[in-house]
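Visitor: Here's a sequence, model it:
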Amino acid sequence: MKHLMLLVVIMSAICLPLYSPAREVQSHGLLFEQWLRDTFFGGYKPQNYTQKWDIPAMANPDHGRIPVNPKATKHGTPVGLGDAVRQFEINETFLLIVGFWEQVTPAEKRWTNVQAVTVAPENWKKLWLPVTQADLDRLNGVIKDKSLSLEEARKRAQEIKSKQPFTLAVIQVNPKIDSSQRRLQCSLRFDDFFKHLAPVASSAVLPNPQVFGVAVPAQFESAPRKISPP
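Guide: Down below sits the predicted model:
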């Protein structure tokens with residue numbers, strides 16, 4: 001009996017996910033995305049997590065019938081956009097919804113600002129100039145070159161990133177190179193998001209952040225209701 005109890009304890013410890021700030025932050029973002037999908041996009045569930053859009057146009061009949069890209073980030077920090085090549089290849093209008101939060105206590109986050117902006121492909125391309133597909137392919141090739149050690153790949157990727165044309169672009173490329181990944185991601189700095197994509201919006205902490213006139217709940221504990229457009 002003692003051996004059985006010990007085995008249960010060991011297996012439980014193995015199965016429990018380790019806590020980390022990154023995991024907790026990611027969970028906060030996933031809850032925000034879930035709230036958006038349930039509240040405005042008919043409870044859409046992604047077919048898989050490698051699909052082109054988090055919320056495709058067909059799941060967005062009420063807000064432009066365009067694909068939706070939801071993001072969440074700490075107030076004042078860059079907006080992570082995901083895979084750089086995939087983002088560079090966007091050639092259609094989409095809805096970018098970004099929720100900003102701040103850490104109120106060690107156990108509590110508060111939404112500070114939320115912006116939903118429609119992004120036209122020509123405006124999106126401007127944020128990449130003068131970076132070209134060939135530039136991204138060259139950097140990506142270094143990142144994924146398994147003949148290079150992690151240290152050498154990081155060094156070479158940083159050398160490329162720190163020179164033109166990447167230093168001239170608004171969107172920032174972010175090589176992710178470690179023992180578990182070799183990826184090229186990208187981000188948009190906090191100030192640049194408001195300057196280029198939401199120029200008439202306030203970047204300040206707002207008392208009651210809203211999406212399409214609906215306040216973002218402090219906690220995502222209950223299933224949100226479907227909100228129909230006016």
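Visitor: and the gap between Val142 and Arg156?
Guide: Between Val142 and Arg156 the distance is 5 Å, computed by Cβ to Cβ, to the nearest Å. Using the backbone N, CA and C atoms, a C-beta is placed for each residue, glycine as well.
Visitor: Of those two, give the one with the bigger neighbour count.
Guide: Counting neighbours by other Cβ atoms under 10 Å for Val142 and for Arg156 shows that Val142 has the greater number, 22 against 18.
Visitor: C-terminal to the helix or strand hosting the more buried one, what's the next element?
Guide: Element membership for Val142 (DSSP states H and E) is helix 133-143. Tracing the chain C-terminally past helix 133-143 and defining elements by DSSP H and E, one meets helix 150-161 next.
Visitor: counting contacts, what elements does that next one pack onto?
Guide: Applying 3 or more Cβ pairs under 8 Å, 6 or more residues apart in numbering; DSSP states H and E, one finds that helix 150-161 contacts helix 133-143, strand 172-178.
Visitor: any idea of the angle that helix forms with strand 172-178?
Guide: Using axes from the mean of the first three to the mean of the last three Cα atoms, to 10 degrees, one finds that helix 150-161 and strand 172-178 are set 170 degrees apart in direction.
Visitor: now the angle between helix 133-143 and helix 150-161, please.
Guide: 160 degrees.
Visitor: which residues sit against helix 150-161?
Guide: Outside of helix 150-161, the residues within contact range by Cβ atoms under 8 Å, 6 or more residues apart in numbering are 138-139, 142-143, 145, 148, 166, 173, 175, 177-179, 182.
Visitor: The chain: helices as residue ranges?
Guide: 2-15, 21-40, 84-88, 121-126, 133-143, 150-161, 190-192 (DSSP state H).
Visitor: Can you check which residues contact both of Val142 and Arg156?
Guide: With Cβ under 8 Å, 6+ apart as the test, Val142 and Arg156 both reach Leu148.
Visitor: Give me the mean pLDDT for the helix holding Val142.
Guide: The pLDDT scores in helix 133-143 average 96.
Visitor: Ramachandran angles for Ala204?
Guide: phi -70, psi 170 (degrees, to the nearest 10).
Visitor: got a list of what it touches?
Guide: So Ala204 contacts Asn113 (Cβ under 8 Å, 6+ apart).
Visitor: One more pass at 7 Å, please.
Guide: By Cβ atoms under 7 Å, 6 or more residues apart in numbering, the contact set of Ala204 is empty.
Visitor: Just want to check the distance between it and Val79.
Guide: Ala204 sits 16 Å away from Val79 when distances are taken as Cβ to Cβ.
Visitor: And for Val117?
Guide: Separation of Val117 from Val79 (Cβ to Cβ): 11 Å.
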